[in-house]
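Participant: What follows is a protein structure lacking sequence information:
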């Protein structure tokens, strides 16, 4: 049996250098355990060797008895990379990282969904030029939910290019904690699965999967809370209808 890790993150050195140069909205400091990136909201991301060094990533795979991996940029960078030029640079760096992985690494593209047409174009470039195998997006585009019609050009391109779309929560980690989630890492433990459930529910109820039947979507972390509440969602849609509101 071949074991492939489809959900593991890296931060290529090129992105750290862009942050040092002030081109990415991240603060950078060097500590005893490696480089630390700080987002505007204060969230910190340590970038040790396993995040930035191909040899260290392959060694981790060997230690965990994993044959290969599909790598993506850290989801904490979804907001800082919300720019077409930065996503292009990130994808070039990630493709180079994966290419050095002795055939064991493949990569997911990043796109800036605030411009759906540009995101669709970058997805096609990532597929056709960089040989990337999918695309990672957040569970929303800021306040815009993923079922918004203006995002359809991106989802259409993903379906046409047969590029799986990986949904990863991010707002719960980098935004202001919801009431009651300010302690005990609950913004991650509860916030992330709930955020993923909401995004998945909007894709279903909002008709995205109906409009793009060839679209393949992966919800990380076992689908978040969606598998446990899918029956409740199905009952609500049957009983109330998609547009019933409250």
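Facilitator: On my side now, so go ahead. The model shown is predicted, which means the values in this text are computed figures rather than measured ones.
Participant: can you give me the strands in this structure?
Facilitator: Along the chain, counting by DSSP state E, strands occupy 4-10, 27-31, 34-38, 44-47, 68-73, 105-110, 134-138, 165-168, 217-219.
Participant: which one of those lies closest to residue 126?
Facilitator: Evaluated over these, closeness to residue 126 peaks at strand 105-110, with 3.6 Å, by Cβ to Cβ. Placement of C-beta: from N, CA and C, glycine included.
Participant: ok so, going back, can you put the strands of the chain in a markdown table and add distance to residue 148, mean neighbour count and mean pLDDT?
Facilitator: Below are the strands of the chain laid out as a markdown table (distance: least, Cβ to Cβ, whole Å; neighbours: other Cβ atoms under 10 Å; pLDDT from 0 to 100):
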| stretch | distance to residue 148 | mean neighbour count | mean pLDDT |
| --- | --- | --- | --- |
| strand 4-10 | 25 | 17 | 94 |
| strand 27-31 | 32 | 12 | 84 |
| strand 34-38 | 29 | 17 | 85 |
| strand 44-47 | 28 | 16 | 84 |
| strand 68-73 | 23 | 23 | 96 |
| strand 105-110 | 19 | 26 | 97 |
| strand 134-138 | 13 | 25 | 97 |
| strand 165-168 | 15 | 24 | 96 |
| strand 217-219 | 16 | 19 | 97 |
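Participant: CSV for these, including distance to residue 201?
Facilitator: As requested, the strands of the chain are exported to CSV (distance: least, Cβ to Cβ, whole Å):
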stretch, distance to residue 201
strand 4-10, 21
strand 27-31, 35
strand 34-38, 31
strand 44-47, 28
strand 68-73, 23
strand 105-110, 23
strand 134-138, 15
strand 165-168, 12
strand 217-219, 11
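Participant: Nearest to residue 54 among those strands would be which one?
Facilitator: Among those, the nearest to residue 54 by Cβ to Cβ is strand 105-110 (7.4 Å).
Participant: how far off strand 68-73 does the closest one point, in degrees?
Facilitator: 30 degrees (axes from the mean of the first three to the mean of the last three Cα atoms, to 10 degrees).
Participant: Can you name the residues in contact with strand 105-110?
Facilitator: With contacts defined as Cβ atoms under 8 Å, 6 or more residues apart in numbering, strand 105-110 is touched by 54, 57-58, 68-73, 77-78, 81, 87, 90-91, 94-95, 97-99, 122-123, 126-127, 130, 132-136, 163, 166.
Participant: rerun at 7 Å
Facilitator: If you take Cβ atoms under 7 Å, 6 or more residues apart in numbering as the criterion, strand 105-110 is touched by 68-73, 81, 87, 90-91, 94-95, 98, 122-123, 126, 132-136, 166.
Participant: Also stretch 157-176?
Facilitator: 39, 41, 43, 72, 75-76, 78-79, 108, 120, 123-124, 127, 134-140, 187-188, 191-192, 195-196, 199, 212, 214-220.
Participant: What pLDDT does the model give the residue nearest to residue 122 when sequence neighbours are not counted?
Facilitator: Nearest in space to residue 122, with sequence neighbours left out and distances taken as Cβ to Cβ, 6 or more residues apart in numbering, is residue 111 at 5.1 Å. If you check residue 111, the pLDDT there is 97.
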